[in-house]
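Novice: What follows is a predicted protein model with its sequence.
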Amino acid sequence: MPNAVVLTDFGAPEVLRWQQVAWPEPGPGQVRLKVAAAGVGPTDLAIRSGRLRAFGAAPGGVLGFEAAGTVDMVGPGVTGVSVGDEIAAQLLSLGGYAEFAIAGIWTVKPASVSWHDAAALPASAEAAARVLDDVRLESGQTLLLFGGGGSVGMIATQLAIARGARVLSVVRGHDEQLAGELGAEPVKLGDAVRADAAIDAAGTGVLGQALASVGDAGRVVTLSDPRAADFGVRLSGPRPETAAAALFDAMQMFAAGKLRLRAQRVLPLPEAAEAHRRLEAGSREKLILVT
């Protein structure tokens with residue numbers, strides 16, 4: 001039997017436990033991958049704590065929106081990938097903190113891309129592309145971005161600038177240099193600025209400032225603030241119909257040296273609880289779990 005990090009309850013990181021689980025079986029259009037590495041993100045923490053219930057996770061399940069590994073089995077109707085192929089996958093039904101995971105959205109991993117980078121890319125790249133579309137960002141417009149030093153924020157900055165937009169990146173002092181290196185203009189939390197659109201990639205209660213800066217709730221989006229409805233803004237979640245294309249495009253950009261990812265720290269997969277503790281303590285690195 002394979003092992004996985006199981007969410008035994010909602011609560012502190014200790015609810016994540018390394019346990020045996022049943023073999024996952026791919027359905028139509030799905031593949032099973034032998035996981036080499038899995039990414040950990042802020043949304044995982046919000047789900048584990050019970051603060052965010054928007055993605056269907058429940059005790060007994062396995063967290064993890066992104067993983068990279070080798071295809072181990074293909075389900076009915078799968079084309080373009082075979083057993084033995086190396087892929088990076090976005091797991092819209094979660095499950096990445098495991099030795100084996102089921103994926104319906106993936107892209108082939110170029111040989112030049114490491115397992116760690118391949119696992120760090122899927123969820124952040126899809127989310128970054130999605131929220132830029134959510135706020136209808138166009139060339140010449142100004143984007144106010146909260147959490148610009150995080151994994152999603154870094155990619156969103158680069159994609160927005162590639163669209164010809166100006167990015168005002170709300171970052172703490174230690175990330176001001178990084179924001180500038182990515183082409184953004186660093187600003188401080190609470191600064192009075194005007195923008196055409198705003199993205200909350202931080203989930204730290206910034207929606208009031210975002211609305212004050214933009215003036216249009218329809219052009220403000222958050223990735224994890226559960227109070228989104230209180231402000232009349234969208235809580236954005238993954239979209240299967242666009243995720244594969246976003247992942248493919250981001251992987252090609254990264255392989256070509258046109259996309260920069262957050263610095264990483266690698267931990268063994270059974271130590272997922274420690275990864276969550278580090279991220280909650282303010283780690284400035286992308287946490288990667290490896291088998």
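Specialist: Perfect, thanks for sending it. Numbering: from 1, shown residues only.

Novice: What are the buried residues along stretch 238-258?
Specialist: Neighbour-count burial for stretch 238-258, counted by 16 or more other C-beta atoms under 10 Å, picks out 238, 243, 244, 246, 247, 248, 249, 250, 251, 253, 254, 255. Just so you know, the C-beta spots here come from the backbone N, C-alpha and C atoms, and that holds for glycine as well.

Novice: How about stretch 124-136?
Specialist: Going by 16+ other C-beta under 10 Å, stretch 124-136 has these buried residues: 124, 125, 126, 127, 128, 129, 130, 131, 132, 134, 135.

Novice: Save these as JSON lines, and put in distance to residue 224, pLDDT and secondary structure too.
Specialist: Below are the buried residues of stretch 124-136 laid out as JSON lines (distance: C-beta to C-beta, whole Å; pLDDT from 0 to 100; DSSP: H, G, I helix; E, B strand; the rest coil):
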{"residue": "124", "distance to residue 224": "13", "pLDDT": "91", "secondary structure": "helix"}
{"residue": "125", "distance to residue 224": "17", "pLDDT": "93", "secondary structure": "helix"}
{"residue": "126", "distance to residue 224": "14", "pLDDT": "93", "secondary structure": "helix"}
{"residue": "127", "distance to residue 224": "10", "pLDDT": "92", "secondary structure": "helix"}
{"residue": "128", "distance to residue 224": "14", "pLDDT": "95", "secondary structure": "helix"}
{"residue": "129", "distance to residue 224": "17", "pLDDT": "94", "secondary structure": "helix"}
{"residue": "130", "distance to residue 224": "13", "pLDDT": "95", "secondary structure": "helix"}
{"residue": "131", "distance to residue 224": "11", "pLDDT": "96", "secondary structure": "helix"}
{"residue": "132", "distance to residue 224": "17", "pLDDT": "97", "secondary structure": "helix"}
{"residue": "134", "distance to residue 224": "14", "pLDDT": "96", "secondary structure": "helix"}
{"residue": "135", "distance to residue 224": "16", "pLDDT": "97", "secondary structure": "coil"}
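
Novice: Quick one: these as TSV, columns for distance to residue 109 too.
Specialist: Output for the buried residues of stretch 124-136, formatted as TSV (distance: C-beta to C-beta, whole Å):
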residue	distance to residue 109
124	16
125	13
126	16
127	19
128	19
129	18
130	21
131	24
132	24
134	27
135	30
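
Novice: which one of the residues you listed sits closest to residue 270?
Specialist: For those, the residue nearest residue 270 by C-beta to C-beta is residue 124; the value is 23.4 Å.

Novice: Does that closest one touch residue 158 like I think?
Specialist: No: taking contacts as C-beta atoms under 8 Å, residue 124 lies outside contact range of residue 158: 11.2 Å.

Novice: hmm, back to that, which ones among the buried residues of stretch 238-258 lie within strands?
Specialist: Assignment to strands by DSSP state E places none of these there.

Novice: CSV for those residues, including pLDDT?
Specialist: Formatted as CSV, the buried residues of stretch 238-258 follow (pLDDT from 0 to 100):
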residue, pLDDT
238, 82
243, 91
244, 91
246, 92
247, 94
248, 94
249, 93
250, 93
251, 95
253, 93
254, 95
255, 96
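
Novice: any idea which of the buried residues of stretch 124-136 is the one closest to residue 271?
Specialist: For those, the nearest to residue 271 is residue 124 (21.1 Å; C-beta to C-beta).

Novice: check contacts around that closest one.
Specialist: 39, 41, 66, 151, 152, 154, 155, 261 (C-beta atoms under 8 Å, 6 or more residues apart in numbering).

Novice: which strands and helices sit next to the lowest-mean-pLDDT helix or strand in the chain?
Specialist: Ranking every helix and strand in the chain by mean pLDDT, DSSP states H and E puts helix 42-49 at the bottom, with a mean of 89. The criterion is 3 or more C-beta pairs under 8 Å, 6 or more residues apart in numbering; DSSP states H and E, and the helices and strands that helix 42-49 contacts are helix 272-280.
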